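>>> I would like to see how this sequence folds:
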Amino acid sequence: MTQQGEIPVHTRRDRYDPVPELARLRAERPLAERANVSRGTAGRLEGWLATGFDEVREVLGGSERFSTLPPADSKAESLELVQAGNLLRYDPPEHTRLRSMLTPEFTVRRMRRMAPHIEAITDDCLDTLEEAGPPADLMRHFAWSVPAMVTCELLGIPRDDRAELARRLDELNRHTGTHHGHSASNVLFRHMIHFAALQRKNPGEELIGMLVREHGDDIGNQELAGISLSLMAAGIENIACMLGPGIQVLLEHPDQLALLRERPELIDQAVEELLRYVSVIPTASPRTALEDIEVAGHVVKAGERVVCSLFAANRLQDPDGPRDDFDITRTPVSHVAFGHGIHHCVGAPLARMVLRTAYPALLRRFPGLRLAIPAQEISFRPAQSLIYGVNDLPVTW
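Down below sits the predicted model:
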C-alpha cells in the first residue's frame with residue numbers, strides 16, 4: 001500500500017478531511033492485510049489496518065482476544081510507554097483492577113463537582129485571552145490553558161507546582177521520541193512520584209487523594225504517579241487539540257455556528273459531532289492477536305498486529321449512510337473518538353464537560369470571534385502526529 005519512506009495512507013489528511021486514497025481503501029478493504037502502519041515517533045511496523053467502523057469496534061472491543069501489549073520480540077514500542085499506571089499498557093486482570101479504582105472518580109455525579117471549577121477556570125482564561133488581543137493565539141491563551149488548569153485541579157496538583165509542570169509537559173510534547181523527550185518524561189515521573197508520596201501522607205479531596213483514601217493498600221506510589229502523568233500528558237493535549245480546532249471548524253461553517261448561537265441547547269450534539277469530525281486521536285494503540293481470529297472474513301494470526309484508524313472509522317462510515325458533512329444536528333452521532341471497549345477513555349466525561357463549558361463561554365464572550373488570518377494559512381501539525389491539531393490559531397473579535 002505504501003513504499004518505504006511514504007506516510008501511511010491512514011495518517012494522511014487534507015486539513016480535517018480524509019484523503020481520497022483513504023476513502024478508497026475503506027470502501028475496498030476495511031481490514032487491509034500487510035499494511036505498513038505507523039505509530040508516529042515509535043516507527044513502522046507491518047500488520048493489519050482496520051478502517052471500517054464495524055471492524056474497528058470489533059478489534060477494540062475484543063480484549064479477550066487482542067492485547068494492547070506488543071509481541072514479546074517487538075522493538076516497536078519504547079520502554080517509557082510501559083510505565084506503571086498507564087491504562088493503555090495493561091491487559092486484564094491488572095487493567096480491570098486499576099480501571100475499577102478510577103472509574104468511580106469519573107462518573108457524571110463526580111464530574112458535577114468539577115463544574116464550578118471548570119467554569120471559573122474558563123472565565124479566567126477568557127480574561128487572559130481578552131487581555132492578550134486582538135489578534136491573539138487561541139491555542140496559547142485559551143485552548144492549552146483551560147485543560148491544563150482543569151487537570152491540575154482534578155488531580156490536586158498544588159498551585160505552586162503548576163507552572164513548572166506545564167513547562168515540563170510542553171518540553172515533553174516538543175521532544176517526544178527523542179533522548180531529550182525521554183529525559184523530560186523521567187523528570188516528570190519523578191516529580192509525580194514525589195506528589196504521590198505527599199498525597200499518601202496527607203490525602204486531599206481530589207482524585208489522587210481519593211485513590212489513596214479508598215485504595216491505599218492496593219495501589220502503589222509508582223502507579224499513582226503513572227496515573228497522574230498519563231492523565232496530564234494525554235488529557236491536556238487531547239482537550240486542547242479539540243478546543244482550538246473545534247472553534248476553527250465552527251468558524252469555517254458559519255451556518256452551523258449561527259445555528260449553535262441561536263439554539264444553545266444543541267451544545268451536547270455539537271460536541272459529539274466535533275469529536276467525530278475532528279478526530280484528534282487518529283489511531284488507537286495497536287492490538288496484538290492472542291490467537292488466530294477471524295475478522296471481516298480475514299484470519300488475523302496469533303502475534304500479528306492490528307492498527308485501528310479511529311479517524312477513518314469516524315469519517316468514512318457506511319457509504320449508503322448520511323453524508324459526512326459537518327452537522328451539529330446529526331442524531332445519533334456514532335463515533336469512536338474516545339476509543340471503544342475496555343480501553344474507552346476513562347476521562348471522557350471530563351473532556352465532554354470541559355468542551356460543553358468552554359465552547360459556549362468563548363462564543364458568548366466574543367460574539368464577533370473570527371479567524372485573524374486566511375483559513376488556508378493556518379499551520380497544522382503533521383498528519384502522522386499522535387494527536388492531530390493546529391500549531392496556533394490566530395483569532396480576532
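>>> buried set for the longest helix along the chain?
In the chain, assigned by DSSP state H, the helix with the most residues is helix 221-251. By 16 or more other Cβ atoms under 10 Å, the buried positions in helix 221-251 come out as 221, 223-251. C-beta here means a position set from N, CA and C on the backbone, and glycine is covered the same way.
>>> now swap in stretch 122-129 and tell me
For stretch 122-129, a neighbour-count test (16+ other Cβ under 10 Å) marks 122, 125-126, 129 as buried.
>>> Ala337: which of these is nearest?
Comparing the buried residues of stretch 122-129 against Ala337 with Cβ to Cβ places Thr122 closest, at 21.4 Å.
>>> element containing that closest one?
helix 108-132 (DSSP states H and E).
>>> can you give me the mean pLDDT across that helix?
Per-residue pLDDT over helix 108-132 has a mean of 93.
>>> Give me the packing partners of the helix or strand following that helix, helices and strands only.
Where DSSP H and E defines the elements, the next helix or strand beyond helix 108-132 is strand 136-137. Judged by 3 or more Cβ pairs under 8 Å, 6 or more residues apart in numbering; DSSP states H and E, strand 136-137 is in contact with strand 394-396.
>>> Please repeat the previous calculation with a cut-off of 6 Å.
The criterion is 3 or more Cβ pairs under 6 Å, 6 or more residues apart in numbering; DSSP states H and E, and there are no helices or strands that strand 136-137 contacts.
>>> coming back round to it: got a list of contacts for the helix holding Thr122?
136, 141-142, 145-146, 149-150, 153, 349-350, 353-354, 357-358, 361, 365 (Cβ atoms under 6 Å, 6 or more residues apart in numbering).
>>> try stretch 344-360
Stretch 344-360 is contacted from outside by 102, 106, 111, 118-119, 122, 146, 150, 235, 239, 243, 267, 271, 338-339, using Cβ under 6 Å, 6+ apart.
>>> got the buried residues for it?
Within stretch 344-360, the residues that qualify as buried are 345-347, 349-360, counting by 16+ other Cβ under 10 Å.
>>> out of the contacts of stretch 344-360, which are buried?
Buried members of the contacts of stretch 344-360, scored by 16+ other Cβ under 10 Å, are 102, 106, 111, 118, 122, 146, 150, 235, 239, 243, 267, 271, 338-339.
>>> Okay, Leu154 and Val354: tell me how far apart.
Applying Cβ to Cβ, to the nearest Å, the value for Leu154 to Val354 is 10 Å.
>>> picking up where we left off before, need the max-distance pair from the contacts of helix 108-132.
The largest separation in these, counting by Cβ to Cβ, is between Ala136 and Pro349 at 29.8 Å.
>>> so Ala32 sits in a helix?
No: checked against DSSP: H, G, I helix; E, B strand; the rest coil, Ala32 lies outside a helix; its state is strand.
>>> can I assume it is in contact with Leu49?
Yes: under the criterion of Cβ atoms under 6 Å, Ala32 makes contact with Leu49 at 4.6 Å.
>>> more crowded one of those two?
More neighbours surround Leu49 than the other of Ala32 and Leu49, with 26 against 23 (other Cβ atoms under 10 Å).
>>> what helix or strand does that one sit in?
strand 44-50.
>>> Against Ser309, how distant is the residue lying closest to Arg330 once chain neighbours are set aside?
With Cβ to Cβ, 6 or more residues apart in numbering as the criterion, Arg330 has its nearest non-adjacent residue at 5.4 Å, and that residue is Glu273. For Glu273, the distance to Ser309 (Cβ to Cβ) stands at 19 Å.
>>> the more surrounded of the two?
Per other Cβ under 10 Å, whichever of Glu273 and Ser309 has more neighbours is Ser309, with 31 against 23.
>>> which non-adjacent residue is nearest Ala196?
For Ala196, ignoring the flanking residues on the chain, the nearest one in space by Cβ to Cβ, 6+ apart is Leu224 at 3.8 Å.
>>> residues near Ile293, how many?
Counted by other Cβ under 10 Å, the residues lying close to Ile293 total 18.
>>> Tell me the backbone dihedrals of it, please.
Ile293 adopts backbone torsions of phi -130, psi 140, taken as degrees, to the nearest 10.
>>> ditto for His344
His344 adopts backbone torsions of phi -50, psi 130, taken as degrees, to the nearest 10.
>>> Return the set of buried residues in the helix or strand Ala27 falls within.
Here Ala27 sits within helix 20-28, counting by DSSP H and E. For helix 20-28, a neighbour-count test (16+ other Cβ under 10 Å) marks 22-23, 25-26 as buried.
>>> Find the pair from those with maximum spatial separation.
Most distant of those, by Cβ to Cβ, are Ala23 and Leu25, 7.3 Å apart.
>>> you'd agree Arg200 is in a strand?
No: looking at Arg200 with three-state DSSP, it is helix, so not inside a strand.
>>> ok, and the closest non-adjacent residue to it?
Val212 is the one closest to Arg200 (Cβ to Cβ, 6+ apart), at 5.3 Å.
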